[in-house]
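J.: Kindly generate the corresponding structure for this input.
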Amino acid sequence: MKSYRPSITTLILSALILFSSAYAQNFPIKPAAFNGRFEGYPNACISFERQRIEAEIQVLATNHEPALASRLAHEMLCGDNYQSYKYVISHTAETIRSVDTERYDEHGHFAAVQVAGAAIVLARRKAWNVHVSGLYAGGIGIEFSDGGPCISNFEIGRPSTHWVIVAAGVICD
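T.: Below is the predicted model of the structure:
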């Protein structure tokens, strides 16, 4: 019986190491690397950039729950776990506007279409060169690079009592 104890212990330790490494891969500690196109631009998830983005959002949100608007933007840009996804989904409209790069409207712009809110995708720490802007009717637009050939954006608004994502889009070179 004593000869099995080291084998069982080794098996248990191997399983723990395997599961812990898989768990660690899903939760990166550092912001993701990028291809160099936006070298010199800070990642949205480092502290001073987070503070800048939060301050700009709070100015635009005025007296309408600015902390909640900032949290929603932060979870969208930097969230990288299930809790972040769950928070974003619970603060996303049932249907959101999106850009269809295959179709054009009567003005020659990409057509806006409605898609299910559950189709929203977190940036997962892959957000550089973030721009925050005020939009129509008090909405807030956030645009950023994924570090590659794409520029992503999302809009948050208050169609009801709290901030929700009402639009999202991606345009790639």
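
J.: ok, now which ones touch M76?
T.: Listed by C-beta atoms under 8 Å, 6 or more residues apart in numbering, the contact set of M76 reads 88, 120, 122-123, 142, 154, 165. Just so you know, the C-beta spots here come from the backbone N, C-alpha and C atoms, and that holds for glycine as well.

J.: Where do the helices of this protein begin and end?
T.: With DSSP state H as the criterion, the chain has helices at 4-25, 47-61, 66-78, 82-90.

J.: List the residue ranges of this protein that fall below the pLDDT cut-off.
T.: The chain contains residues with pLDDT under 70 at 1-39, 100-103, 111.

J.: quick check, nearest of the contacts of M76 to E65?
T.: I165 (14.6 Å; C-beta to C-beta).

J.: okay but the closest one is in contact with E94, surely?
T.: No: using C-beta atoms under 8 Å, I165 makes no contact with E94, being 11.0 Å away.

J.: Show me which of these two is the more surrounded one.
T.: Taking other C-beta atoms under 10 Å, I165 and E94 do not tie; I165 has more neighbours (22 against 9).

J.: Please report the distance of the more buried one from S98.
T.: Note on I165: its distance to S98, by C-beta to C-beta, to the nearest Å, is 11 Å.

J.: And for S160?
T.: Counting by C-beta to C-beta - S160 and S98 are separated by 20 Å.

J.: okay, those two: which has more neighbours?
T.: S98 (20 against 8).

J.: give the contact list for that one.
T.: 112-115, 119, 167-169.

J.: what's the farthest-apart pair in the residues you listed?
T.: Every pair of those checked by C-beta to C-beta; the farthest is A112 and A119, at 14.4 Å.

J.: Please check which residues sit opposite the closest residue in space to S98 that isn't next to it in sequence as beta-bridge partners.
T.: Nearest residue to S98, sequence neighbours excluded (C-beta to C-beta, 6 or more residues apart in numbering): V115, at 4.7 Å. As for beta bridges, V115 partners with I96 under DSSP bridges.
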